[in-house]
Structure formats: structure tokens, C-alpha cells
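> Here you go, sequence then predicted model.
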Amino acid sequence: MEKRKTIWAFILVVIFTAALCSGFIFDWGKKKDKDPNAVEGATATAALEKRAAVTDEKIAGLNSKIDEQAKQLTAQEEKLASLTEITKRLDGIEAGLKKQEVDINDSDMSAIREMIEKEVKSNVKTSEKPAAGVVSVRKIFRDCKKSAKYRQQSNIERQRADAELTKLENDIKAQQEGLKTLKPDSENYMTEVREILEKQGSLTALQKFYQQQISLNEQRITEEIYSDILRITAAVAKQRGLDFVFEISAPELPALSPTELELSMGMHKLLYSEGCIDLTDEVMTILDSNI
């Protein structure tokens, strides 16, 4: 009997111990299974948040495009409203003309409208034409202060050179007259002949020198004035909004010779310039202001 009690006590202890162990293992297994699920849940939450951020960004881009289109639509509506207002004003003007005391019938209104349309077309065609100006270079060279000043200086230099050449020519003539009084075989005769030949050589050299000097001075002053004309013409044309500027100096008739006439005709290219703005006086005024 005591042995049975002992056996049952041992069995109860074993069962109780097994129950405790099974409960511990069960709890441990639950904890072990719970951790991977928690990790997977966090990863899924991050992915959802990232997708939500991308979606918000796309929505913001769409809202920006919608705002831009709304602005364009508003601008178009404003233009349409402006055109509508202009149309109403034109209709009001036409209605006002019909209500005036002067009897204006439909045919008169048609004629008036046709005249207005022709005038508008004419103005449009005129505005489409390139704006052009003209300049008389010959007139500027003839009348500008710089040319007058150069001519004055050139005349003084010419007079000085002519006086020197005339004095040398007179000396040569005087020596040639004195040579007649000397014997050809005398020593003084040959000395005089030598001096005369030297002076004649000097006279020829001086004549060529002064001719070249005058020619170079004329070329220099011509280049200076012409360069100024081109520069000032370009500035004036740009200020006035002109597209072209032409030279209009006509040949002087009658010409002194057939060669001069042919040269003048070859240089005179612009045969007609009605409607072009003449800039000659304006260019010459600016040119003279620097003197």
C-alpha cells in the first residue's frame, strides 16, 4: 500500500514537471516566432511610407501644372475680354454715326468703311517698307566748314610755294640774261651755266615736291571728311531707325568733258529718292560742330 502511494506520488511529480516544462517551451516558441513578424511589419511600414511620399510628390507636380494652365487660361480670357471690349466700342462708334443728324445710309457707311480699310492697308504697306535716307556727299564736301578751312590753308600753302618757285624762276631768267654778256670760253661763263643748271634742277624738284605735297594733303583731308560723314551718317540713321542711306549727288551738267560726264554718270547710282529722308544738312551740322 505504501509502495503504491510512493509510485503515485512519483507519477504526480513527473506530470507536474512535464507540464511546467511544456509551458516554458510554449512561451519560448511564441517569443521566437514573434520577432520575425515584428521585423517584417516594420519593413512593410517603411515601404508604405516611401510609396506615400512618391505619391505626394506626383500630386504636387500635377497641382503645379494645373496652376500653370489656370494662369494661361486666365491670360487668354483677359485677351478675349479686351478684344470683346474693342469690338463693342467699334460697334458703339458705328451706332453713334448712324444716330447723327446727318443722314448716313447703308451705302454711305459701306463707302466710309471701305475708305477706312484702304487707309489701314495703305498704312500697313507703308510701315512694312524699309525706311531709307539720303545724303549728298558732294554738297557736304562743298559747303562744310572743314572743307572751307582746308581750302583756306591750302591756298596759303599754294601761295607760299608759288612765291618760292616764282623767285627761283626769276633768278634763273636773270642769270640766263647775264650769261649772254659773258664769253662762252671764259671761266665765269661755265660757272654761271653750272649755277643755272643747278637752279633749274632745284626748280623741277620743288615743283614735283609741292605737287605731291598738295595731292597728299587733299587725299588726307578727303579721307578724314569722308570717314566723319560715314560715322555721323550711321549714327543719325540708327537714331532715326532707318534701314538704308543712299548717296544722291547728281552729276553737274553740262560736264567739262565727255570723260568727266562718263565718270559722273558711273558714280551716280540713285536716280530716284522720293519719300527718303534727306540727312545731308543734319550730318553736315554735326560735322561742323567739331570744328
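Received it, and whenever you're ready, just let me know what you need.

> CA atoms for contacts and neighbours, from now on please.
Will do.

> can you give me the helices for the stretch 51-200 of the chain?
106-128, 137-143, 145-179, 187-240 (DSSP state H, counting those that start in this stretch).

> out of these, nearest to Asp288?
For Asp288, the closest of the helices of the stretch 51-200 of the chain is helix 145-179, at 5.7 Å, according to CA to CA.

> could you dump the helices of the stretch 51-200 of the chain to CSV with mean neighbour count and mean pLDDT?
Formatted as CSV, those follow (neighbours: other CA atoms under 10 Å; pLDDT from 0 to 100):
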stretch, mean neighbour count, mean pLDDT
helix 106-128, 11, 58
helix 137-143, 16, 92
helix 145-179, 14, 91
helix 187-240, 14, 92
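
> Adding distance to Ala46, write the ones you listed out as JSON lines.
JSON lines is the format used below for the helices of the stretch 51-200 of the chain (distance: least, CA to CA, whole Å):
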{"stretch": "helix 106-128", "distance to Ala46": "67"}
{"stretch": "helix 137-143", "distance to Ala46": "86"}
{"stretch": "helix 145-179", "distance to Ala46": "89"}
{"stretch": "helix 187-240", "distance to Ala46": "68"}
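
> Can you check which of these gets nearest to Ala52?
helix 106-128 (59.4 Å).

> For Gly266, which of the helices of the stretch 51-200 of the chain is the nearest?
helix 137-143 (14.9 Å).

> what's that closest one in contact with?
Applying CA atoms under 8 Å, 6 or more residues apart in numbering, the contact partners of helix 137-143 are 147-148, 225, 229, 247-249, 280, 284.

> let's see it at 10 Å
Contact with helix 137-143 is made by 146-148, 222, 225-226, 229-230, 246-251, 280-281, 283-285, 287-288, as judged by CA atoms under 10 Å, 6 or more residues apart in numbering.
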